[in-house]
Every structure is written in structure tokens, then in C-alpha cells.
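> Kindly return the folded structure for what I paste below:
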Amino acid sequence: MKSVALTTTADTRPYWEHAGLSVVGGRLAIAGRDAEAIAREHGTPLYAFDLSRITEQVAALQRALAGAGLRCVTRFSMKAQREPEVLAHLRSLGPPVTPQAIGADICSPVELASALAAGWRGDEISYTGTNASDRDFEAICAQPIRLNVDGLSQLRRYARHAPGGSVGLRVNVRYGAGHGGRYAGSDYGSDKPSKFGFYEEQLPEALVIARQAGLTITSLHFHAATGLAMDDLPAFTETVRRAAAMVAFLLEAGCPLDEVNAGGGLDIGASADRPVLDVDTYAAVLAEHLGPLGPVVSVEPGEYLFGDSAVLLAEVVTAEDRLGVPFVGLDAGWNAAPDRFIYQVPLDVVLCRDVLPGSVRATTITGHINEGDDVFAEDYPFPEPREGDIVAILYAGGYWQNMVAPHCGRLKPPAVYFAERLGAA
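Predicted coordinates for the structure are as follows:
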């Protein structure tokens, strides 16, 4: 029989707390509303959003970039979030070509259609995809968007659809930052051959292809990081330095670059063990290495803008010991919380009625998908549950809804969106 640890917790504020996700009388509140009451009213599983948090994150990023003295453009990665309610909220932040406005970065024709339907103009949209087909290019080239291609074959294919047009190059600098150094070995940023981006030694051939097709290279895109926290800044600095060298090469070759896109990948503080990213410091790195080169610097984060704006609410439908181990079974599964299972991101689960419990046990938390690996957490410090309790799985605002899979007929959970916080000054 496995021994299960029982521990006592201190009554301290949780590291994930912010104005839209708070603790009121020991209970979890979302946008100033009791989380359990939201679940009882609307049913579970349920995504619950505080849209004001998205506004705050957009504004923080824009202030940091402007404060670093950068000529900048902010966009959001639509692969992280394309729900109509969220898109409408983003579109409301500012009219086109104003400091408050935020553009969109897309990676498919479906995302292009979503952006246009939500009110974005073609010239506010950038495309950064991979392995685009002729069908993709036909749809994308019908709009005046900024397009980045990521390989020699793709550049030739694009030239057939837009001879004489403008194009951006997505480059691979063989380096990257994030997740405490693990990112440097990923498919985006390592010496391992990858489908993503032009390598430095391929740039001369890219110039030949572009000139033969009458294409003008006007932008450069690089994917610098994922889960970038303060302790990743040295690696991030080296990534940006390498990208800046490729920008300089293209400028010296006569390419009229007017934008350099540094991607996204900013951490949202989803771990108590790592120092949260200071976006002013992040912006200062971009300004130091890219600012003197001249082009506008753009970014297009997803998780940073959306991640902690929402939780997934679920009901405890099973609470029992199994061979001496406490098990909690939820009415939500891996398909509604894909970060844990695709990206191996640890999840935080909160008992809504008792956020700051006096004691916890090492618990296994599982979902309702009929697969053995539908496990949210093992040895997770969790209070004594009761069947019928409501829990919140945190950081559900980015990617989760876009990536839901209907495995076992478990469909995409509904969502509620709160535009205002109750009790806000």
C-alpha cells in the first residue's frame, strides 16, 4: 500500500492571484464572482473568463515596448485564442492604427476568416505558418496581409501566387529560450534540422529566388522563446542577437525591411518555482539589439495575453481511496485541458470552496476520458474533497478551447465571459 503524505499549509496568498482571479473568504472568485456559484448556475465543465485580465496584459505589454523606446506593433497569436467573444473584446481595445489597438497573427485560412469576421483589416494581420498549400496561398494572398514563409520551397510556391509582391522570411537561429533552458533543444531552436525557418546559410539562396520572382523581402520573423521567465533572459538575449545579425545581413543585401517580428512565448507566472518575467526587461533586450537596425519591432504573444484570464470549472464526481491513494475524478478530461497532455505543462487545480486549506494530501486527479493516461496530476497536494465539489483548473485562457478534441464523444465545454469585475473600483 502506498503511503500518502498529509501536510499542513500556511495561510499565504497564492502566487497565481490577481484582481480577476482572487480569494474571497477562502473561496475562489473569478471577475469578483464566486467560482462555485458560477459553476452551479451554468453547469460543468465550463470555461470562465475575466476579459479585463486580457485588457491588462495587452496594456502592460504595449507600455513596456513603448517605454523601451521601440517603434512597435503588438499582435496576438490567434492559434492561442479565436473564440468570438474574446476576439470582439480585443477588437474593442482600440481603433486600427492607434496605440491601444492590437493586430492578429494567424497561421491558416480559417484563422484569417475569423480575424476578418471579427473586424480586423487585412493590413492589421500577419501570417506566420508552415507548409502552406496552394489552397492556403490562394486564400491568404487575397488579402493585403503581411506574410512570412519559412523555407525555400515555400518561397518558390508563394512566388507563383504573388509574383512581384512583398514577403517576409521566418528564420531559424538555432537557439531559443524558455522553460528553464529546455527550449534550446526544441524543434524551434536547436541544431536539430527543423521544418521551421530559413537557416543563416540559406539566406543567399532565398535572395536569389526572391529577385528572380520580383519579390521584395520586407520583414523577418523569428520564434525566440516559449514560457520565457527571468532566468531565461541570457538565452533570450543570445537568440535576439543572432536574429539581429540576420536582419543586418538582409539590410546590407538591399532588402527594405520595415518590420522584425520577435514572436511570442512570454511566461505568465504559471509556476511558484521560477521568477516571473519582467516585461520591461524583456522589451529592453529587444530595444538593445533590434532597435538600432531601424525596422519596426513587432510581437505576437498568445499565452501571455490569455492564459490566466480563464479557468476550467469541473465537478468532483468521484472521491475515494484506491489502494491507499486518494483519487479525485472530475467531469472534465484531457481533451478540454490539452496543455497538460500535449506540452507536458503541470496544471494547478484549486478546490473552489477552500482555496487556502489547513491540510492537504498527495492526491491523484483524473478526468472522464476512457483512457488510462487521462490524469491531470499525481501526488498533488489537495484538500479533502467531497463528491459534488467544484474545482478550478487554472491557466485555461490560451490554447485550450482551440485545441479541444471530441474524443469519446466528450465535446467542447461551453464558456462564460465576464466583461466587468464585480466590486471593481
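> Residue 302 and residue 340: what is the separation?
For residue 302, the distance to residue 340 (CB to CB, to the nearest Å) stands at 17 Å. C-beta coordinates here come from the backbone N, C-alpha and C atoms, glycine included.
> same check, this time on residue 79
Distance from residue 79 to residue 340, by CB to CB: 18 Å.
> do the same with residue 249
Taking CB to CB, one finds residue 249 at 41 Å from residue 340.
> Specify the beta-bridge partners of the spatially closest residue to residue 350 that is not a sequence neighbour.
Excluding its sequence neighbours, the residue lying closest to residue 350 (CB to CB, 6 or more residues apart in numbering) is residue 392, at 4.7 Å. As for beta bridges, residue 392 partners with residue 313, residue 350 under DSSP bridges.
> Use 476 as the first number for this chain going forward.
Sure, I'll start counting at 476 from here, so that last one is residue 867.
> how about residue 867, what does it touch?
Residues in contact with residue 867 (CB atoms under 8 Å, 6 or more residues apart in numbering) are 503, 505, 510, 523, 786, 787, 788, 789, 824, 825, 827.
> any chance of those in CSV, plus pLDDT, distance to residue 807 and neighbour count?
Formatted as CSV, the contacts of residue 867 follow (pLDDT from 0 to 100; distance: CB to CB, whole Å; neighbours: other CB atoms under 10 Å):
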residue, pLDDT, distance to residue 807, neighbour count
503, 98, 16, 27
505, 98, 16, 27
510, 98, 14, 26
523, 98, 13, 24
786, 98, 11, 29
787, 98, 6, 26
788, 98, 8, 30
789, 98, 4, 30
824, 96, 11, 21
825, 97, 14, 24
827, 98, 14, 22
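> List the contacts of residue 796.
Contact analysis of residue 796 by CB under 8 Å, 6+ apart lists residue 802.
> Just the pLDDT at it, thanks.
For residue 796, the pLDDT comes out at 97.
> any idea how far it is from residue 838?
Per CB to CB, residue 796 is found 10 Å from residue 838.
> Any buried residues in stretch 532-542, and which?
532, 533, 536, 537, 539, 540 (16 or more other CB atoms under 10 Å).
> out of the residues you listed, which are inside helices?
Of the buried residues of stretch 532-542, the ones assigned to helices by DSSP state H are 532, 533, 536, 537, 539, 540.
> What is the nearest of those to residue 719?
Residue 719 lies nearest to residue 540 out of those, by CB to CB, at 16.5 Å.
> ok, and the closest non-adjacent residue to the closest one?
The shortest distance from residue 540 to any residue other than its chain neighbours is 4.1 Å, reached at residue 547 (CB to CB, 6+ apart).
> next one: residue 783
Per CB to CB, 6+ apart, closest to residue 783 is residue 743, 5.2 Å.
> any idea of the pLDDT on that neighbour?
Note on residue 743: pLDDT of 86.
> That one is in contact with residue 784, isn't it?
No: in this structure, residue 743 is not within contact of residue 784 by CB atoms under 8 Å, at 9.5 Å.
> Find residues that contact each of residue 796 and residue 838.
Shared contacts of residue 796 and residue 838 (CB under 8 Å, 6+ apart): residue 802.
> show me the residues around residue 775 that make contact.
Residues in contact with residue 775, defined by CB under 8 Å, 6+ apart, are 549, 550, 551, 552, 578, 580, 601, 603, 736, 738, 739.
> Quick check: of those residues, which lies closest to residue 893?
Distance to residue 893 across these (CB to CB) is lowest for residue 551, with 19.4 Å.
> Confirm that that closest one sits in a strand.
Yes: according to DSSP: H, G, I helix; E, B strand; the rest coil, residue 551 belongs to a strand.
> Send me stretch 783-796 as CSV with only the CA atoms.
Taking Å, rounded to 0.1, in the frame of the first residue of the first chain, the C-alpha atoms of stretch 783-796 are listed here in CSV:
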residue,chain,number,x,y,z
ASP,A,783,-4.5,33.5,-16.7
SER,A,784,-7.7,35.1,-17.9
ALA,A,785,-9.7,31.9,-17.5
VAL,A,786,-10.2,28.7,-15.5
LEU,A,787,-11.9,25.4,-16.4
LEU,A,788,-14.5,24.6,-13.8
ALA,A,789,-15.3,21.0,-13.2
GLU,A,790,-17.3,18.9,-10.7
VAL,A,791,-15.9,16.2,-8.4
VAL,A,792,-17.8,13.0,-9.4
THR,A,793,-15.5,10.5,-7.7
ALA,A,794,-13.7,10.9,-4.3
GLU,A,795,-12.2,7.7,-2.9
ASP,A,796,-9.0,6.0,-1.8
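> how far does it sit from the chain's center?
On the basis of CA atoms, centre = their mean, to the nearest Å, stretch 783-796 is displaced by 22 Å from the centre of the chain it belongs to.
> and if you look at stretch 679-688?
The answer for stretch 679-688 is 33 Å, by CA atoms, centre = their mean.
> Residue 579 and residue 879, how far apart?
The gap separating residue 579 from residue 879 is 21 Å, by CB to CB.
> Which of the two has more residues huddled nearby?
More crowded of residue 579 and residue 879, by other CB atoms under 10 Å: residue 579, with 26 against 17.
> so what strands line up beside the stretch of helix or strand that one belongs to?
Residue 579 belongs to strand 578-581 when elements are defined using DSSP states H and E. Strands that pair with strand 578-581, judged by DSSP bridges, come out as strand 547-552 (parallel), strand 600-603 (parallel).
> Tell me which residues are up against the shortest one.
If I follow you right, that is strand 600-603. So strand 600-603 is contacted by 550, 578-582, 587, 590-591, 615, 618, 620-623, 625, 643, 645, 696, 736, 738, 773, 775 (CB under 8 Å, 6+ apart).
> ok, residue 712 touching residue 761?
No: using CB under 8 Å, residue 712 is not in contact with residue 761, being 9.8 Å away.
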